[in-house]
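> Using only what follows, build the 3D model:
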Amino acid sequence: MAPHLAAPRHHLAMYNFGLHVDDYESPAVEGFRLREAANFAAAERAKGFVGRSRYAGVEGPESWGEQVFPRFIAASGLDSGPSSLSLWQDLESLMAFSYNGVHADALKHARHWNRKQSWPSLVLWWVDAGTRPAWADGVARLEHLHDKGPSPFAFTFKAAFDSSGEGVVIDRGRVRQLAEANAPDQADLLAHVHSLKP
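Modelled structure (predicted):
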């Protein structure tokens, strides 16, 4: 008989934010638009994915509160920026998705669509399992990370903490294993994004 696995007590929340070089519908951002659906689909197929918020006015899962943006958008001339809010089982699951496969392809081309930024590209924090963070939570934690540096309240992969608030080293071997496990389920999506222009 297989051992009983206890349900996780915490999930890892992730919020990211950037600024495009032009309006979302502009030709300069077409490469991003063409890849966006594939990135969401790859996340939903990834090991350790728990859920994500949708955007206002866009079909998909329920929005986790009103979408707001960090203060870094001020004076940009834009009224929105590429951002996402999601939940994962652990650090390794999120890292395996972020830096491999479909999402890694998007990161490789991001310089074509996004402006250079002086703030952290993402922020991580732990929430109780069953809790959905709001967009405003992600904004507050990203600004806190920028202003105060990493802490259990708001951290990054490079300076990570576990759910008890202790500093932790990410298990790179497990990240590789998860990336390898994700690859077959992303193969069709990866072939699609490789066929797209930057």
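
> for Val123, helix, strand, or coil?
strand (DSSP: H, G, I helix; E, B strand; the rest coil).

> how much distance is there from the top helix by length along the chain to the middle of the chain?
When the chain is parsed with DSSP state H, its longest helix is helix 172-194. Taking CA atoms, centre = their mean, to the nearest Å, the mean C-alpha location of helix 172-194 is offset from the chain mean by 16 Å.

> Stretch 94-111 now?
From the chain centre to the centre of stretch 94-111 is a distance of 10 Å (CA atoms, centre = their mean).

> tell me which residues of that stretch are tucked away?
94-98, 100-103, 105-106, 109-110 (16 or more other CB atoms under 10 Å). No exception for glycine: its C-beta is placed from N, CA and C like everyone else's.

> what do you get for stretch 31-44?
Applying 16+ other CB under 10 Å to stretch 31-44 flags 31-32, 35, 38-43 as buried.

> Would you mind putting the CA coordinates of it into CSV?
Output in CSV follows, covering the C-alpha atoms of stretch 31-44 (Å, rounded to 0.1, in the frame of the first residue of the first chain):
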residue,chain,number,x,y,z
GLY,A,31,6.1,38.3,-30.8
PHE,A,32,4.9,38.4,-27.2
ARG,A,33,1.3,38.3,-28.2
LEU,A,34,1.8,35.3,-30.5
ARG,A,35,3.5,33.3,-27.6
GLU,A,36,1.2,34.3,-24.8
ALA,A,37,-1.4,31.6,-25.1
ALA,A,38,1.3,28.9,-25.4
ASN,A,39,3.0,30.1,-22.3
PHE,A,40,-0.2,29.9,-20.3
ALA,A,41,-0.9,26.4,-21.7
ALA,A,42,2.7,25.3,-20.8
ALA,A,43,2.3,26.5,-17.3
GLU,A,44,-1.0,24.7,-16.9
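
> Alright, I will stop here.
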